[in-house]
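>>> Output the structure for:
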Amino acid sequence: MRKIVKKNEKQKVYVRSLQMARRGVGVMLASTLTLSACVTDGSGRLTTLGGQQVVDPADSCSIHRQPIANLQRSTFGADDAITSLAVGAGAAVLIGIFTRDWKAALGGGAAAAGGTAVVSYINNKNQIAKGQTSLLTAIDSDAASDSQGVSRIQAAVNDLRACRKRQFVQLGDDIKAGRLTKEDAKQKFLTLDNYRKGDDSIVNEVLGVAEKRASLYTEARMQTLKTDNPEVALASYEVPNAHPPLPVMKIKKAAKLRAGQSADSSILATLPVGSEVQIKESTNGWNHVYFDGHDGFLPDSVLKDTGRSVSASPTKKTPDVTKLVNSIKATKAANEGASKELDTAADNVRTLLG
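Below is the predicted model:
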């Protein structure tokens, strides 16, 4: 019976892997077609992206598409080697990040591109990196650069969606006030709806490429750390504290740990005689100390030097790849929220049109 269950589970994983593989191949083909559809003008700006004209003179809101297209060109450009590497195996890994189906995602990634995208990327990074730590630093550096672009994308998308919403609201107001005939209003609605579809195409194109980059970096960290679990690769980790060893002092009489360098500051804790604290900094007769999970201040008068010091506690660091993944999630969530508001505005106009 156990053998049958295990066999069924393996079969399910295999089926999911094949599905992921097909998705990865589909993404690769779609990305190739889409990137070839990017057109630039003489100044290098993208004029067409995802098969859509970026700025349409007849559409006042389309000016908000240009910053998005510019970011596609500068941060996630089609001529960037990382983007082309990310199209294959990385697409399936990203599915794992968001669905938590790691086995199927990894199987799909391997089937889709044989792992060559990540291998090529890591080999490229290894040319300048020496050892695991420097390789992880190089990967995170790429992710940090992309994170800045994603932050700008979110602001640009917000501007575009807000402008489009105002157009639908204005159309509804014009219908209510009788400033447009029913036929003119219907035509205006169709025009705005088409503009919005163009917005979706451009936004989805840029976010899609950003996701591929995030998936590539994630699998690169997984391979570098020799783990098949993305959660491990994206988890925060401890790093040595850069501060020099901290002097240790002893409380010579009961003292109140305060939130600021003043006897009027709020009390955080009461420290008994003999307690030991670590001194982070001393200024103007007050000491910034660490004691039993508390950060606060004590006056010189309550402290006695022990002649000892301790290394500063390690600090937690979040990988820049994790920050990129979370930034993309936040941008997608904001975009989905704005899209729902647009749906509501458009539905209100439909109701008025009957």
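>>> pLDDT at Ser201, what is it?
According to the prediction, Ser201 has pLDDT 93.
>>> Surely it touches Gln52?
Yes: contact criterion C-beta atoms under 8 Å: Ser201 and Gln52 qualify, at 4.8 Å. To be clear about C-beta, it is placed using only N, CA and C from the backbone, and glycine gets the same treatment.
>>> Quick check on the two: which one has the bigger neighbour count.
Neighbour count, other C-beta atoms under 10 Å: between Ser201 and Gln52, Gln52 has more, with 19 against 14.
>>> Look up phi and psi at the more buried one.
Main-chain dihedrals, Gln52, degrees, to the nearest 10: phi -120, psi 140.
>>> For it, report the pLDDT, please.
83.
>>> So what pairs up with it in the strands?
Beta-bridge pairing for Gln52 (DSSP bridges): Leu49.
>>> Likewise for Glu276?
Beta bridges link Glu276 to Lys250 when assigned by DSSP bridges.
>>> Burial check on it, number of neighbours?
Glu276 has 15 nearby residues by other C-beta under 10 Å.
>>> Asp193 too?
Neighbourhood size, Asp193 [other C-beta under 10 Å]: 15.
>>> Not counting sequence-adjacent ones, nearest residue to it?
Ala346 (6.9 Å; C-beta to C-beta, 6 or more residues apart in numbering).
>>> How about the contacts made by the one you found?
Taking C-beta atoms under 8 Å, 6 or more residues apart in numbering as the contact definition, Ala346 lies against Phe168, Phe189, Leu192, Asp193, Arg196.
>>> Compute the distance between it and Cys61, please.
For Ala346, the distance to Cys61 (C-beta to C-beta, to the nearest Å) stands at 14 Å.
>>> Ok, Asp193 next?
In terms of C-beta to C-beta, Asp193 sits 13 Å off from Cys61.
>>> Likewise for Lys304?
For Lys304, the distance to Cys61 equals 69 Å [C-beta to C-beta].
>>> Neighbour count: these two, which is higher?
Cys61 (20 against 10).
>>> Next up, the contacts around the more buried one.
So Cys61 contacts Leu160, Cys163, Arg164, Gln167, Tyr195, Asp199 (C-beta under 8 Å, 6+ apart).
>>> I'd like to know how far the closest residue to the last one other than its chain neighbours sits from Ile63.
With C-beta to C-beta, 6+ apart as the criterion, Asp199 has its nearest non-adjacent residue at 5.8 Å, and that residue is Leu160. Counting by C-beta to C-beta, the gap from Leu160 to Ile63 is 9 Å.
>>> So, low pLDDT: which residues of this structure?
Within the chain, the segments meeting pLDDT under 70 span 1-45, 76-117, 127-129.
>>> Asp146 is in contact with Ser74, correct?
No: here Ser74 does not reach Asp146: they are 11.1 Å apart, not a contact under C-beta under 8 Å.
>>> who's more crowded, the two?
Neighbours per residue (other C-beta under 10 Å) separate Ser74 from Asp146, with Asp146 holding more: 24 against 13.
>>> which other helices and strands contact the helix or strand hosting the more buried one?
Here Asp146, judged by DSSP states H and E, is contained in helix 131-176. Applying 3 or more C-beta pairs under 8 Å, 6 or more residues apart in numbering; DSSP states H and E, one finds that helix 131-176 contacts helix 65-74, helix 116-126, helix 182-225, helix 320-353.
>>> Nearest to Ile267, out of those?
Ile267 lies closest to helix 320-353 among those, at 36.2 Å (C-beta to C-beta).
>>> how distant is the closest one from the center of its chain?
16 Å (C-alpha atoms, centre = their mean, to the nearest Å).
>>> Quick check: buried residues in that helix?
320-325, 327-328, 331-332, 335, 338-339, 342, 345-346, 349, 352 (16 or more other C-beta atoms under 10 Å).
>>> follow-up on the earlier one: which residues does the residue nearest to Asp199 contact?
Cys61, His64, Arg65, Ile68, Asp199, Val203.
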